[in-house]
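Student: Can you look at this prediction? I've put the sequence above it.
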Amino acid sequence: MANELIKALALLKEKEWVDLTHTFGPESPHFSAFPAAEFSAMFTHDDGFLAQSFKFVGQYGTHLDAPIHFVRNTRYLDELDLKELVLPLVVIDKSKEAAENNDYSLSVEDLLRFEEEHGHIEPGTFVALRTDWSKRWPDVEAFNNKDDDGHSHVPGWSLEALKVLFEERKIKAIGHETFDTDSSLDYRRNGSLISEYYVLEQDTYQVELLTNLDKVPATGAVIFNLVPKPEKASGFPVRSFAILP
């Protein structure tokens, strides 16, 4: 006889599931300081079985950054609790603004307008910034979006908005479709990724290079961030997906 857990699983499987993860490989866009991934076959079916070698930086493809990625003496990936990886999902859509201004940063005013329409952002949620930047994948040139001087123009979060989310709304984690938390313009202005440092300083994680956020409602969905457990890792590719209400 089915118990309440089996019934809950049956209910979840009746819902729509949305993959929030890019397929990645050696030709995929990646942070400029990192080398391209290397995939190779160590054994083939002619040897009796297929086994492959994968070489890539932990922050490659859709990936999860642990606090230790930027902040000393904080948690590694394997120290994150399982229940932290499954959270209510809020998606803030700034795709129109990012299309009109590639350097767009989510502001406090944006948060307040979002709440006027969708209600208060609840504690313990995962807040994702939708910019539709993921639609540029896997075009490396379009994803980097560099001008004639070699400067990238990519949207992100403002530090002020993140402080409201973490300190006042008490959210748990964030995610976005780009390489970094900060917009490229804010990075150049500040000389460092201050917003990314701030997020990880909260002893939590973030997921970068999300996709398909345009298929998820503003509120009501749940995000699952399934990630391997390498020892003492600062981050690793993640299989993120959402279950819709």
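Tutor: Structure received.
Student: Burial check on residue 37, number of neighbours?
Tutor: 18 (other C-beta atoms under 10 Å). No exception for glycine: its C-beta is placed from N, CA and C like everyone else's.
Student: try residue 234
Tutor: So residue 234, with other C-beta under 10 Å, has 19 neighbours.
Student: Tell me who's in contact with it.
Tutor: By C-beta atoms under 8 Å, 6 or more residues apart in numbering, the residues touching residue 234 are 58, 59, 65, 66, 68, 69, 76, 77.
Student: hey, where'd the helices end up in this protein?
Tutor: Secondary structure of the chain (DSSP state H): helices located at 4-14, 95-100, 108-118, 140-144, 159-163, 184-190, 194-201.
Student: what is the rounded mean pLDDT of the second one?
Tutor: When pLDDT is averaged over helix 95-100, the result is 98.
Student: Tabulate the CA atom coordinates of that helix in PDB.
Tutor: Below are the C-alpha coordinates for helix 95-100, written out as PDB (Å, rounded to 0.1, in the frame of the first residue of the first chain):
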ATOM      1  CA  SER A  95      14.800  39.600 -20.300                       C
ATOM      2  CA  LYS A  96      13.300  42.700 -22.000                       C
ATOM      3  CA  GLU A  97      15.500  45.000 -20.100                       C
ATOM      4  CA  ALA A  98      18.600  42.900 -20.700                       C
ATOM      5  CA  ALA A  99      17.900  42.800 -24.400                       C
ATOM      6  CA  GLU A 100      17.600  46.600 -24.500                       C
END
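Student: Closest one of the contacts of residue 234 to residue 152?
Tutor: Nearest to residue 152 out of those is residue 59 (C-beta to C-beta; 16.5 Å).
Student: The closest one is in contact with residue 33, isn't it?
Tutor: No: contact criterion C-beta atoms under 8 Å: residue 59 and residue 33 do not qualify, at 9.7 Å.
Student: Between these two, which is the more surrounded one?
Tutor: Between residue 59 and residue 33, residue 59 has the larger neighbour count (other C-beta under 10 Å), namely 20 against 7.
Student: And the more buried one, how close does it get to residue 140?
Tutor: 16 Å (C-beta to C-beta, to the nearest Å).
Student: again with residue 14
Tutor: Residue 14 is 39 Å from residue 140, by C-beta to C-beta.
Student: same check, this time on residue 39
Tutor: 17 Å.
Student: And for residue 115?
Tutor: The value you get for residue 115 to residue 140, if C-beta to C-beta is used, is 36 Å.
Student: now swap in residue 38 and tell me
Tutor: 16 Å.
Student: again with residue 60
Tutor: 13 Å.
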